[in-house]
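Engineer: Kindly generate the corresponding structure for this input.
(chains A and B)
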Amino acid sequence: MPFEIIEKSQIVPTIHNMIISAPSIARKARAGQFIILRIDDTGERIPLTIADFDREKGTITTIFQEMGKTTVQLSKMNAGESLLDFVGPLGNPSEIEPVGTVVCVGGGVGVAPVYPIARAHKEAGNKVISIIGSRSADLLLWEEKMRDVSDELFITTDDGTKGHYGFVTDVLKELLEGSEPISLVVAIGPPIMMRAVAGVTHPFGVKTVVSLNSIMVDGTGMCGSCRVLVGGETKFACVDGPEFDAHEVDFTLLMNRLQMYQDEEQLAMEHYEKCSGDGCQC
Amino acid sequence: MSVLERQDMPRQDPEKRRSNFDEVAMGYSHEQAVNEASRCIQCKKPLCVAGCPVEIDIPAFIKCIADDDMEGAISELKSMNALPAICGRVCPQETQCEEVCVLAKKGEPVAIGRLERYAADWELENKQGEPEKPEPTGKKVAVVGSGPAGLTAAAELAKMGHSVTLMEALHKAGGVLVYGIPEFRLPKSIVQKEVEYIERQGVDIQLNSVVGMVETVDELLDEYDAVFLGTGAGLPSFMNIDGENLSGVYSANEFLTRVNLMKAYQFPDHDTPVKNGHKVVVVGGGNVAMDAARCAVRLGAEEVTVVYRRGDDEMPARREEIENAKEEGVIFRLLSNPTRILGDEKNWVRQMECLDMELCEPDESGRCRPVPVEGSEHILDVDVIIIAVGTSPNPLIPKTTSSLETSKWGTIIADDNGATSKTGVFAGGDVVTGAATVISAMGAGKIAARAIDKYLNSNNL
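Structural biologist: Numbering: from 1, shown residues only, chains lettered A, B, ... in the order given. Next up is the predicted model:
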């Protein structure tokens, strides 16, 4: 049974919003979980974090960035078209408890998966301070949505075109040094940002949770492609995570493993460009 | 008394098959099949039937082939076994039906597996009979997992008239038959046809359904009268040695899933890549290790080595598969055990350190424990490592199901009929026994189906 794309739009350059009809997944989805999709019969399985869900309409929202062949192909699809496979919800949901003040940090496309977590913390009665960042103002996404679920919202851009000129960690550090006690930091973004966040919060002893975006195949614990080292122990991001204690994660290993198929990704992209549209030479 | 020799199976030439994924064993010709079938002496008390986990009337189907009654042969097979084309290929007949064949006492046993395959392939090519549709019982059963246990249980339950929904987490039905066993040993088109037959029996297959996440077993019980769990042993084990998470180190599950299910051997026409090094080491001595090693050969590795900590006799893989691997150039480093994996500055695997082992005298259990030879550390150059040292059941379902008892190994505890600690929930196959064979899982699926039928017909409901 194919899964229909209900809505598809570009939010900012290279980053897209896609709403998929998947009632049984929408019924169960919770903040922090992910789905795996496959476009067509020759497609690869890719994991995407659930950015939102609507139980009544039976839809799942995902936000993705054009990174390689599959996400570029996905970016060219439109409402009314369908994905061949869409499976989930996978992974453990975020732990949401009344803890006090929670800082939610989202970097780049990572703002999207932070959104439902921020919302859940807000609904649980926590004070939510959000820091969202991007390379540049035109790449910043979901500012209004984040504002709606945050008590305070900070914006940072690498080039200073909006908000604080610098990184999310600059603002985070100031908050940690301030008078308000912070119980929890949740950070989702590029691994290098998550590592920096872990580095900033560690001296303050503030519990910090990151969501890891390892390479996956099945997403149900079967293959071990997504293994990460957490506290010196091998864990599977798909079934043990995707969220882990940031202070225990071996980010170097994560980043190295994410590079594993760099050459093949390039080859797949070239093959796709050659074979899509009128230029096919197959 | 028969005078004919056991008919050899035509196989693809090793040199040629090293570079393709086509099936290695090419199947009997009609003449060979009839000749082989005529070797069967039709024992009055056939031992072979007792050696078959799904109780096929072996002499009966073989007699049909000898009499050139192919429809008769397939109907004998299908009455007991929903998946004959698969069993004919991957069953370890040499330790089951063929081992106890009377002819084996003086010479070679009847090639029961090859004949089963011949009959099943004949049906797939010439006719796929419409399955009989029994009177519906009105009872609903959910079968979780579409591997050998689940497919068999679903087929048997459908034959009994129950309404069966088969749930599979992946995007294709077949479980290990599609993600694990390679094309050259079990063509996926054959699995597909067997699955389609089961669908024609009325089984509703729901792909992309991860039970435990999208619906729990407790929720299934609200909707269905009984549940069968055939979720296999899908969680790969590692060795817990240094360097196991370096880039280029795979679990056999991942390597085989990329190659078989995702068709990485057709990359980039298929999107999923797989790394295949120049020097590949596969750790382990079972069928999965042989499958991984032989895939690596076909992907173009210059050197593929199986590293196994015991000796040749102790390798759990089928002899036939070990021989096939050797013919294809796979090197066997026996009595050798990895101790750590070394990488370069970019985190890529480069070397593996091994220790020589020696086997002690067998202990009371009859198993020789390998003991390291002190000071025998040595280094192998390698750029891809595939770890095939076993699997255990996926904890997802036990974790999300109330009052379902499991063992300390994570297997679901079930009695001889597949009944678990939870009323209405049955289980069978690797999820109960730990990693075993396709046919033992099918046997368990069949036994559980009978128990489910009995349960559904009892007054409890």
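Engineer: Chain A versus residue B:324, what's the distance?
Structural biologist: Noted for residue B:324: a distance of 25 Å to chain A, by CB to the nearest CB, to the nearest Å. (C-beta placed from N, C-alpha, C; glycine too.)
Engineer: Please disregard the earlier target; I meant residue B:234.
Structural biologist: For residue B:234, the distance to chain A - CB to the nearest CB - is 4 Å.
Engineer: who touches that residue in this structure?
Structural biologist: A:220-222, B:253, B:391, B:393-394 (CB atoms under 8 Å, 6 or more residues apart in numbering or on different chains).
Engineer: Among these, which are located in helices?
Structural biologist: Residues of the contacts of residue B:234 located in helices (DSSP state H): residue B:253.
Engineer: so which of the contacts of residue B:234 comes closest to residue B:411?
Structural biologist: Nearest to residue B:411 out of those is residue B:393 (CB to CB; 5.4 Å).
Engineer: about what we covered before: name the member of the contacts of residue B:234 that has the highest neighbour count.
Structural biologist: Within those, most neighbours by other CB atoms under 10 Å in any protein chain shown means residue B:253, with 29 neighbours.
Engineer: Skip the chain neighbours and tell me the closest residue to that one.
Structural biologist: Excluding the flanking residues, the one nearest residue B:253 by CB to CB, 6 or more residues apart in numbering or on different chains is residue B:236, at 4.4 Å.
Engineer: you'd agree that neighbour is up against residue A:225?
Structural biologist: No - with contact defined as CB atoms under 8 Å, residue B:236 does not count as touching residue A:225 (10.1 Å).
Engineer: so what sits against both of those two?
Structural biologist: Counting by CB under 8 Å, 6+ apart, the residues touching both residue B:236 and residue A:225 are residue B:254.
Engineer: Longest helix in chain B, please.
Structural biologist: Scanning chain B for the longest helix, with DSSP H as the assignment, gives helix B:438-457.
Engineer: which other helices and strands contact that helix?
Structural biologist: Helices and strands touching helix B:438-457, by 3 or more CB pairs under 8 Å, 6 or more residues apart in numbering or on different chains; DSSP states H and E, are helix B:84-90, helix B:148-159, strand B:226-229, strand B:425-427, helix B:430-433.
Engineer: Show the average pLDDT along the first one.
Structural biologist: Going back to what we said before, that points to helix B:84-90. Per-residue pLDDT over helix B:84-90 has a mean of 92.
Engineer: which of the residues in that helix are buried?
Structural biologist: B:84-90 (16 or more other CB atoms under 10 Å in any protein chain shown).
Engineer: Any idea how far that helix is from the middle of the chain?
Structural biologist: Helix B:84-90 has its C-alpha centroid displaced from the chain centroid by 10 Å (CA atoms, centre = their mean, to the nearest Å).
Engineer: One more: the fourth one?
Structural biologist: Shown here is strand B:425-427, whose average C-alpha point lies 20 Å from the average C-alpha point of the whole chain (CA atoms, centre = their mean).
Engineer: Check which helices and strands it is in contact with.
Structural biologist: strand B:226-229, helix B:438-457.
Engineer: Next, count neighbours for the closest residue to chain A within the stretch 301-450 of chain B.
Structural biologist: Here the residue of the stretch 301-450 of chain B nearest chain A is residue B:347; by CB to the nearest CB that distance is 3.6 Å. If you count neighbours by other CB under 10 Å, residue B:347 ends up with 18.
Engineer: and it, what is it in contact with?
Structural biologist: A:252-253, A:256-257, B:246-247.
Engineer: Could you rerun that using 6 Å?
Structural biologist: A:256, B:246-247 (CB atoms under 6 Å, 6 or more residues apart in numbering or on different chains).
Engineer: Got the confidence number for it?
Structural biologist: Predicted confidence (pLDDT) for residue B:347: 92.
Engineer: Leaving out chain neighbours, which residue sits closest to it?
Structural biologist: residue A:256 (3.6 Å).
Engineer: Just the CA atoms of whatever helix or strand that neighbour lives in, as PDB, please.
Structural biologist: Residue A:256 is part of helix A:251-258 when elements are defined by DSSP states H and E. The C-alpha coordinates for helix A:251-258 follow below in PDB (Å, rounded to 0.1, in the frame of the first residue of the first chain):
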ATOM      1  CA  PHE A 251      30.900  11.900  18.600                       C
ATOM      2  CA  THR A 252      34.100  11.200  16.600                       C
ATOM      3  CA  LEU A 253      33.000   7.700  15.900                       C
ATOM      4  CA  LEU A 254      29.600   8.900  15.000                       C
ATOM      5  CA  MET A 255      31.000  11.400  12.500                       C
ATOM      6  CA  ASN A 256      33.400   8.900  11.000                       C
ATOM      7  CA  ARG A 257      30.700   6.300  10.500                       C
ATOM      8  CA  LEU A 258      28.500   8.900   8.900                       C
END
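Engineer: Would you indicate which residues of the following helix or strand past it are buried?
Structural biologist: Later in the chain than helix A:251-258, the nearest helix or strand by DSSP H and E is helix A:262-275. Using 16+ other CB under 10 Å as the test for burial, helix A:262-275 gives A:264-265, A:268-269, A:271-272.
Engineer: What segments of the stretch 301-450 of chain B are strands?
Structural biologist: Ranges of strands within the stretch 301-450 of chain B are B:303-307, B:331-333, B:336-343, B:349-359, B:370-372, B:378-381, B:384-387, B:391-392, B:425-427, based on DSSP state E, counting those that start in this stretch.
Engineer: Run the chain-centre distance for the fourth one.
Structural biologist: So the one you mean is strand B:349-359. With CA atoms, centre = their mean, you get 28 Å for strand B:349-359.
Engineer: for it, packing partners?
Structural biologist: With contacts taken as 3 or more CB pairs under 6 Å, 6 or more residues apart in numbering or on different chains; DSSP states H and E, strand B:349-359 sits against strand B:336-343, strand B:370-372, strand B:378-381.
Engineer: Within range of chain A, give me the residues from the stretch 301-450 of chain B.
Structural biologist: Residues of the stretch 301-450 of chain B lying close to chain A (CB under 6 Å from any CB of the partner chain) are B:347, B:394.
Engineer: Check the gap between residue A:57 and chain B for me.
Structural biologist: Distance from residue A:57 to chain B, by CB to the nearest CB: 17 Å.
Engineer: Not counting residues beside it along the chain, what's closest to that residue?
Structural biologist: Going by CB to CB, 6+ apart, residue A:57 has residue A:26 as its nearest residue, at 7.4 Å.
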